[in-house]
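[1] take a look and give me a structure for this.
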Amino acid sequence: VTAHLEGCPSCREEAAELAPIASLLPLADPERVGAPAEAPREMLDEVLARIQREREARDRARRHTLSARVGTIAAAAALVLIVALVALRPWEPSGPAGEVVALIASEPGVLGEAVIHEDPKSTWVELTTSGLSVGETYAVWLEETGSRERSPMGTFTSVDGDLYISLYSTLPRDRAASIGVSDPDGSVVMRGSIPDPTSS
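    Numbers count the residues shown, from 1 in each chain. Okay, the predicted model is just below:
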């Protein structure tokens with residue numbers, strides 16, 4: 001009951017209203033008090049069921065919080081990897097120089113360019129951006145041909161000036177229709193169409 005009162009404002013208010021009455025009970029004459037009324041069994045079952053539901057809701061909330069913390073740690077690890085790639089810059093590809101894709105921005109002053117490379121089992125993208133909000137985290141993705149399915153490539157935090165990052169996707173080059181960058185709300189801030197390799 002105490003645990004229920006801690007999380008139920010309406011019951012706390014009712015308990016506060018009953019407190020003065022409880023303090024008067026010692027003044028009652030036992031000879032004039034009849035047999036106490038027994039609460040219906042259904043009421044007890046309902047109270048116990050409600051307490052159980054609230055306990056389960058709290059447990060779900062704790063699990064959700066733990067899951068969110070694990071997700072934050074994973075995102076931070078991915079960000080550290082991208083920062084390392086920014087600092088080191090990748091090696092020069094042994095194959096073709098790659099296809100340059102100009103990204104069309106939704107806001108003035110924002111620029112972006114992607115160089116698409118095809119690896120045997122993945123798609124390698126070199127992305128250069130500038131003009132994005134400093135300190136904001138953005139997501140990079142490839143959109144699959146013939147659908148709106150997006151294959152995530154990773155995230156990055158924008159800096160003042162030009163930012164260069166190198167990202168990989170397991171989506172094969174011949175199935176990638178476009179590349180895009182989204183803000184934390186999911187809004188697309190930059191996007192570019194990748195040429196169809198079979199249309200040359």
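[2] check what pLDDT G161 gets.
    Among the per-residue scores, G161 holds a pLDDT of 87.
[3] and for H4?
    Checking the pLDDT column for H4, the value is 73.
[4] and the residue nearest to it when sequence neighbours are not counted, helix, strand or coil?
    For H4, the nearest residue in space outside its immediate sequence neighbours is I51; the separation is 5.3 Å by C-beta to C-beta, 6 or more residues apart in numbering. Where C-beta positions appear, they are placed from N, C-alpha and C, glycine not excepted. Per DSSP: H, G, I helix; E, B strand; the rest coil, the secondary structure class of I51 is helix.
[5] Y168 versus I51, what's the distance?
    Computed with C-beta to C-beta, to the nearest Å, the distance linking I51 and Y168 is 51 Å.
[6] still on that earlier bit, these two touch, right, the residue nearest to H4 and E6?
    No - I51 lies out of contact with E6 (C-beta atoms under 8 Å); the separation is 11.3 Å.
[7] please identify which of these two sits among more neighbours.
    Neighbours per residue, other C-beta atoms under 10 Å: of I51 and E6, the larger number sits with I51, 15 against 10.
[8] quick one: classify E17 as helix, strand or coil.
    Three-state call for E17 (three-state DSSP): helix.
[9] what is the neighbour count of it?
    Around E17 there are 9 other residues, counting by other C-beta under 10 Å.
[10] ok, now the one 10 residues further on?
    In terms of burial, L27 registers 6 neighbours under the definition other C-beta under 10 Å.
[11] just S130 next, same as before
    Taking other C-beta under 10 Å as the neighbour definition, S130 ends up with a count of 16.
[12] for the helix or strand encompassing L24, which outside residues touch it?
    Here L24 sits within helix 9-24, counting by DSSP states H and E. Among residues not part of helix 9-24, those counted as contacts by C-beta atoms under 8 Å, 6 or more residues apart in numbering are H4, L5.
[13] what mean pLDDT does that helix get?
    pLDDT averaged over helix 9-24 gives 81.
[14] next: stretch 101-120.
    The average of the pLDDT scores along stretch 101-120 is 88.
[15] which residues sit against that stretch?
    Stretch 101-120 is touched from outside by 93, 95-100, 123-132, 168, 172-174, 176, 179-181, 187-195, 197, with contacts defined as C-beta under 8 Å, 6+ apart.
[16] which residues of this protein fall in helices?
    Using DSSP state H, the helices found in the chain span residues 2-7, 9-24, 41-88.
[17] using PDB, write out every CA atom in the second one.
    Translated: helix 9-24. Output for helix 9-24, consisting of C-alpha atoms alone and laid out as PDB, is shown next (Å, rounded to 0.1, in the frame of the first residue of the first chain):
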ATOM      1  CA  PRO A   9      -1.400  11.200  -6.300                       C
ATOM      2  CA  SER A  10      -5.200  10.600  -6.100                       C
ATOM      3  CA  CYS A  11      -4.800   7.900  -3.400                       C
ATOM      4  CA  ARG A  12      -2.400  10.100  -1.500                       C
ATOM      5  CA  GLU A  13      -4.900  12.900  -1.500                       C
ATOM      6  CA  GLU A  14      -7.700  10.600  -0.300                       C
ATOM      7  CA  ALA A  15      -5.400   9.200   2.400                       C
ATOM      8  CA  ALA A  16      -4.600  12.800   3.600                       C
ATOM      9  CA  GLU A  17      -8.400  13.500   3.800                       C
ATOM     10  CA  LEU A  18      -8.900  10.300   5.900                       C
ATOM     11  CA  ALA A  19      -6.000  11.000   8.300                       C
ATOM     12  CA  PRO A  20      -8.000  13.400  10.700                       C
ATOM     13  CA  ILE A  21     -10.800  10.800  10.900                       C
ATOM     14  CA  ALA A  22      -8.200   8.100  11.800                       C
ATOM     15  CA  SER A  23      -6.900  10.200  14.700                       C
ATOM     16  CA  LEU A  24     -10.400  10.300  16.200                       C
END
